[in-house]
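Undergrad: Test case, fold it:
(one chain, ligands or ions: 2)
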Amino acid sequence: FVPGDVAYLDSLNAGQRRAVEHGSSTPQAGPLLVIAGAGSGKTNTLAHRVAHLIVNGTDPRRILLLTFSRRAAAEMIRRVERIATRVLGVGSGAITDSLTWAGTFHGIGARLLREYAHHIGLDPAFTIHDREDSADLMNLVRHELTFSETKSRFPTKGTCLAVYSRVVNSQADLEEILQSVFPWCAMWSAELRNLFGAYVEAKQKQNVLDYDDLLLYWAGMMAEPMIAQRVSSQFDHVMVDEYQDTNRLQAAILLAMRPEGRGLTVVGDDAQSIYSFRAASVRNILDFPTTFDPPAEIVTLDQNYRSTQPILAAANAVIEQATERFTKNLWSERVSEAKPNLVTVKDEADQVRYIASSVLEAREAGTPLKQQAVLFRTSSHSGPLEIELTRRNIPFVKFGGLKFLDAAHVKDLLAVMRWAENPRDRVAGFRVLQLMPGIGPTTAGRILDVIEASTNAAWALSEVPPPSKAGQHWTDLVTLVSRLSGRETGWPLELAHARHWYEPLMEDRYEDAATRTADIVQLEQIASGYPNREKFLTELALDPPDATSGQAGVPMRDEDYLILSTIHSAKGQEWKSVHVLNVVDGCIPSDLGTGSTQELEEERRLLYVAMTRAKDELHLLVPQRFYVTQQTRNGDRHLYAQRTRFIPRTMMVLFEDFFWPPVASVRDGALPASPVVVDLGAKMRGMW
Ligand code: ATP
Ligand code: MG
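TA: Numbering: from 1, shown residues only. Ligands and ions are numbered 1, 2, ... in the order given. Okay, here's the model as predicted:
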């Protein structure tokens, strides 16, 4: 490698190159914003920038790279590796191994908090509650305060958690959030304030952090000048992809990490902001340029390299109707005759049939399944499709939807592991103890109080008088906990030990214990991919692995499979062929929200995100009968659905619009027009 040789930048256009080389000539680069539409190469530019920095001597361990998912981080590392290896000629894996600070805000937060725990009064052995655990804890606290018993129509645990989370992430006042987002809970503001105070206390007592805490504590840590100095001096560069979907708390963290914006790069697209329900604020990206003095350098890009021109034209038309938008329309050099398909089908059954045959057709034509995706609004919408794909032996992977992790028996076993990791975690403790016969909430609560008061959980447990009906299960649990907390057996063998304790209980409880055992074996397989219990629990809570159609866990690397994903999780990705389910009013836009203009605008952006994932082929599906959960006197019902309002009649020229299956063919069992279907006479004669 000859210094100054930048041939690897030749593939970039002028804007991209300016972003990559920004600040190269100065010791410390000023803040940089790349703001541009979908597929314009923002992520690619970021990868080149990281590679460029490394090639020019920046230590990869001093680069903090924040992405929107763990998958996105892995993909980014892969791209950087590819570019840098070509230039530096170092062995493959060298960069990957040293880009250690690439991940999500939550993942990086968890790591930093463990590292600095002692300085901020945290016990580094904290466990992380996923949303469901958090809701369970919220529920426990709700009961303790007797809100659920004495106050009729008090918000559910899920709503309480949503309000709490929204307040934390938007750094706003409770009253303000109640008024603007949860008006129907506003009358409970005093009780909610009480509840949240008690919830925070409970978490601290139990040494658990929820998702929001990972950001909140990180931000809090950064408000202490001495620690902030230490943490931020660990990095020369902080880079963020998908910046439009960060919230106020994340922006505050970034600002504290890079107070003057030096070495700070953010990229994003305001037209793709789709996470306001998690308190993301598009203001972060729009206000970025004026946050710093001197102000940030801004790079905009306008060429799309992903989609063919007809697909881009349709996507542009959808987003053009948006009321407010910073990024401009894109153009593409990728010519094609094929317009995107707008396919009307009778119902959801025909919808999945269309997809299965279209997917197979594309594979025949040379597009591997991996290059094809089916996107939907909500995870539950893919149910019928999963059944059809399984029936037709089409392998698939569903992003972020490892359903078996939600199954009771898997959660039971995970609770055992979490309790061993942190005996003060009451949600885990409650779950484990109540698995045994004769132990209900009261007994469990008493036992947990004893453990909480003690310094050694294993010892405390052995001091508790054995609950009479628990018998051998109790004795075995005491042994198990002492083994696990003493880390006497190596990882992942610990999980097998826990299974031996759990299996007899599971067999008493469930008829289908055999299939459940299979799930647990799969969990052990997943566990073997992690170096230790802590890492396993942290990553499973933060970003569960993807679900597969097969039994054997993660599919083989060389196996081909179709991608199923929610639109939200598909962010930043691309496939040759993309199908979007249920492009109807009631789904996109959803009829579950309040219908405010802001919400509608976000729904439009959601459709834009979905459409711009496609490179060569796009199919939007419109089932005429779509199951709508609309409470009527007769319960839920099927409604006749309308094509989404985001594609009005005037836009139809941009699509190939047709009914499937073709109307002329056999429908509803009707006989074809030809008079003779089968000549039975000839058939009878032929038998002799
Ligand atoms: P999104 O907004 O969806 O996240 P993006 O702006 O991050 O999109 P990328 O994913 O970086 O876009 O790039 C889209 C596609 O365009 C990728 O396949 C990438 O390799 C390709 N691409 C980007 N820049 C160029 C370029 N200068 N020349 C050729 N291909 C490019
Ligand atoms: Mg991107």
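
Undergrad: Does ligand 1 have contacts with the lengthiest strand in the chain?
TA: When the chain is parsed with DSSP state E, its longest strand is strand 614-623. No. Applying CB under 6 Å from any ligand atom, one finds strand 614-623 separated from ligand 1 by no less than 7.6 Å. Just so you know, the C-beta spots here come from the backbone N, C-alpha and C atoms, and that holds for glycine as well.

Undergrad: elements contacting that strand?
TA: helix 309-320, strand 341-345, helix 348-364, strand 575-580 (3 or more CB pairs under 8 Å, 6 or more residues apart in numbering; DSSP states H and E).

Undergrad: which of these sits most buried?
TA: Mean neighbour count, computed with mean count of other CB atoms under 10 Å, is highest for strand 575-580 among the helices and strands packed on strand 614-623, reaching a mean of 25.

Undergrad: re the thing from before, just the angle for the longest strand of the chain relative to helix 348-364, thanks.
TA: Angle of strand 614-623 versus helix 348-364, following axes from the mean of the first three to the mean of the last three CA atoms, to 10 degrees, is 160 degrees.

Undergrad: if we can go back for a sec, so can I have CSV of the helices and strands packed on strand 614-623 showing distance to ligand 1 and mean pLDDT?
TA: CSV is the format used below for the helices and strands packed on strand 614-623 (distance: least, CB to the nearest ligand atom, whole Å; pLDDT from 0 to 100):
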stretch, distance to ligand 1, mean pLDDT
helix 309-320, 11, 97
strand 341-345, 21, 97
helix 348-364, 18, 96
strand 575-580, 11, 98
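
Undergrad: So for residue 657, which of those sits nearest?
TA: Among the helices and strands packed on strand 614-623, the nearest to residue 657 by CB to CB is strand 341-345 (4.4 Å).

Undergrad: Report the strands that pair with that closest one, each with its relative direction.
TA: strand 614-623 (parallel), strand 656-660 (parallel) (DSSP bridges).

Undergrad: could these go into CSV alongside distance to residue 113?
TA: CSV is the format used below for the strands paired with strand 341-345 (distance: least, CB to CB, whole Å):
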stretch, distance to residue 113
strand 614-623, 39
strand 656-660, 52
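
Undergrad: how about those, which one is nearest ligand 2?
TA: Across the strands paired with strand 341-345, ligand 2 has its closest neighbour in strand 614-623 (13.8 Å, CB to the ion).

Undergrad: So what touches the closest one?
TA: 306-308, 311, 314, 336, 338, 340-348, 350-351, 354-355, 358, 362, 367, 574-584, 611, 641, 643-644, 647, 655 (CB atoms under 8 Å, 6 or more residues apart in numbering).

Undergrad: returning to that earlier point: just send the helices and strands packed on strand 614-623 back as a markdown table, with distance to ligand 2 too.
TA: Below are the helices and strands packed on strand 614-623 laid out as a markdown table (distance: least, CB to the ion, whole Å):
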| stretch | distance to ligand 2 |
| --- | --- |
| helix 309-320 | 15 |
| strand 341-345 | 25 |
| helix 348-364 | 24 |
| strand 575-580 | 14 |
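
Undergrad: Ok, which of the ones you listed comes nearest residue 516?
TA: Going by CB to CB, the one of those nearest residue 516 is helix 348-364, 28.0 Å.

Undergrad: Can you name every helix or strand that the closest one contacts?
TA: By 3+ CB pairs under 8 Å, 6+ apart, helix 348-364 packs against strand 341-345, strand 372-376, helix 383-391, strand 575-580, strand 614-623, strand 625-632.

Undergrad: let's see 7 Å
TA: strand 341-345, strand 372-376, helix 383-391, strand 575-580, strand 614-623 (3 or more CB pairs under 7 Å, 6 or more residues apart in numbering; DSSP states H and E).

Undergrad: got the CA coordinates for the first one in PDB?
TA: Put plainly, it is strand 341-345. Taking C-alpha atoms only, strand 341-345 is exported to PDB below (Å, rounded to 0.1, in the frame of the first residue of the first chain):
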ATOM      1  CA  ASN A 341     -46.500  -4.800  -9.700                       C
ATOM      2  CA  LEU A 342     -49.700  -3.900  -7.900                       C
ATOM      3  CA  VAL A 343     -51.400  -7.200  -7.400                       C
ATOM      4  CA  THR A 344     -55.000  -7.400  -6.300                       C
ATOM      5  CA  VAL A 345     -55.900 -10.800  -4.900                       C
END
